[in-house]
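Student: Fold the following.
(one chain, ligands or ions: 2)
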Amino acid sequence: MSQDHVDAAAPRRSIYRHALAVRLTHWLNVLSLTLLLMSGLQIFNAHPALYWGDKSDFEHPLLAMTAADAPDGTGIGVTTVLGHEITTTGVLGLSFSANGRPVERGFPSWATIPSYQDLATGRLWHFFFAWLLVLNGAAYLAYALASRHLGRDLLPTRHDLAHIGRSIRDHLRLRFPKGKEAEHYNVLQKLAYLLVIFVLLPLIVLAGLAMSPQIDAGFPVLLDVFGGRQSARTVHFIAAWTLVAFVLVHLVMVLVSGVWNNLRSMITGRYVVEEEEASDGR
Ligand code: HEM
Ligand code: HEM
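Tutor: Numbering: from 1, shown residues only. Ligands and ions are numbered 1, 2, ... in the order given. Presented below is the predicted three-dimensional model:
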């Protein structure tokens, strides 16, 4: 994230915001996470219920997706969350095939890889992209440490933390920084990215590894940390959806803070900073 070109005529200038390594690893990450989620939902569909502890207590799932018969005899989808039943026909529990036939399925075919029920193929996709995610993450971390991207661009400064209140207020009003301040991530962005990189993604990876019998044999402590295989599966699932929530907020922020400028910066590296007007009213 360094400045290198100034357009004197206009009150805006172009800066070089994202290094090639960050851009490449970001988009490879987007690809891996999308395919991991969709193949993960295929795996989930093989037994669409979650439990806590070491064993599956079929009578008391934390979450379950099933199909049932409505009083008029038609099929409905029912999702049970902590004992509360919700009708989710068409999306969860029961969805419709391309020719309109009702099919009993946890997640619908458009959300899974492959689209038809095939656990073995889903697992092949999942494990392939799990490795890609880990290798890509290692490459990103190596670059971020070696180039000081982590310390310089992602770690909040004392000044950032002292002004976090103003940053939150500005964000809620959808006011984004201009001039010098716009050259760097704001404190909320930094904290969100750090949480995803150092808490959420490692949690998903560890919970995923904890479900693998080969890894457990070598590191039994991993299963103890999660409190059993079913707990690890539930943590993995919840963390995956927390990541989806982050991506939704991330996308909204990309959209409202200048979609083309942001996307260009993540593709070519170039980002246009608007200069601050003389009296900004702040
Ligand atoms: C799939 C999950 C995604 C994750 C985990 C993710 C995560 C991140 C992270 C950690 C950064 C900061 C990178 C750094 O500076 O080291 C970032 C930046 C960015 N991401 Fe994503 N991202 C995801 C998806 C997307 C998608 C789908 C888009 C757009 C369609 C997008 C657009 C951007 C842009 C434009 C930036 C640069 C922000 C700026 O310059 O202010 N991201 N993302
Ligand atoms: C290194 C990374 C990962 C590893 C090692 C991993 C491993 C696993 C394993 C072993 C399973 C259960 C397989 C089975 O029961 O046969 C699983 C399921 C699943 N994974 Fe991952 N995974 C990883 C990353 C991810 C990511 C990033 C996401 C989401 C974006 C994700 C979403 C899911 C989902 C939704 C399931 C289904 C839950 C279930 O029914 O068990 N995984 N994963």
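
Student: and whatever residue of the stretch 101-250 of the chain ends up closest to ligand 1, what is it in contact with?
Tutor: Nearest residue of the stretch 101-250 of the chain to ligand 1: residue 193, at 4.0 Å (Cβ to the nearest ligand atom). Any C-beta I mention is one placed from the backbone N, CA and C, and that applies to glycine too. By Cβ atoms under 8 Å, 6 or more residues apart in numbering, the contact set of residue 193 is 154, 185.

Student: do that again at 10 Å, thanks
Tutor: The contact partners of residue 193, by Cβ atoms under 10 Å, 6 or more residues apart in numbering, come to 153-154, 185, 246, 250.

Student: which of those residues tops the neighbour count?
Tutor: Counting neighbours by other Cβ atoms under 10 Å, the top entry in the contacts of residue 193 is residue 153, with 21 neighbours.

Student: Identify the residues contacting residue 23.
Tutor: By Cβ under 10 Å, 6+ apart, residue 23 lies in contact with 17, 265-269.

Student: among these, which ones are buried?
Tutor: Neighbour counting with 16 or more other Cβ atoms under 10 Å marks 17, 265-266, 269 as buried within those.

Student: The lowest-mean-pLDDT helix or strand in the chain vs ligand 2: in contact?
Tutor: When each helix and strand of the chain is scored by mean pLDDT, DSSP states H and E, helix 213-218 comes last, with a mean of 89. No: for helix 213-218, no contact with ligand 2 is found by Cβ under 6 Å from any ligand atom; the gap never falls below 8.2 Å.

Student: Can you list the helices and strands that that helix packs against?
Tutor: helix 201-210, helix 221-226, helix 229-256 (3 or more Cβ pairs under 10 Å, 6 or more residues apart in numbering; DSSP states H and E).

Student: And the last one, what does it pack against?
Tutor: When contacts are defined as 3+ Cβ pairs under 10 Å, 6+ apart, helix 229-256 packs onto helix 20-46, strand 49-50, strand 63-69, helix 187-195, helix 201-210, helix 213-218, helix 221-226, helix 259-267.

Student: by how many degrees do that helix and helix 201-210 diverge?
Tutor: Per axes from the mean of the first three to the mean of the last three Cα atoms, to 10 degrees, the angle that helix 229-256 makes with helix 201-210 is 150 degrees.

Student: related to what we said a few turns ago, would you format the buried ones among the contacts of residue 23 as JSON lines with distance to ligand 2 and pLDDT included?
Tutor: Shown next, in JSON lines, are those (distance: Cβ to the nearest ligand atom, whole Å; pLDDT from 0 to 100):
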{"residue": "17", "distance to ligand 2": "26", "pLDDT": "94"}
{"residue": "265", "distance to ligand 2": "24", "pLDDT": "97"}
{"residue": "266", "distance to ligand 2": "19", "pLDDT": "98"}
{"residue": "269", "distance to ligand 2": "26", "pLDDT": "97"}
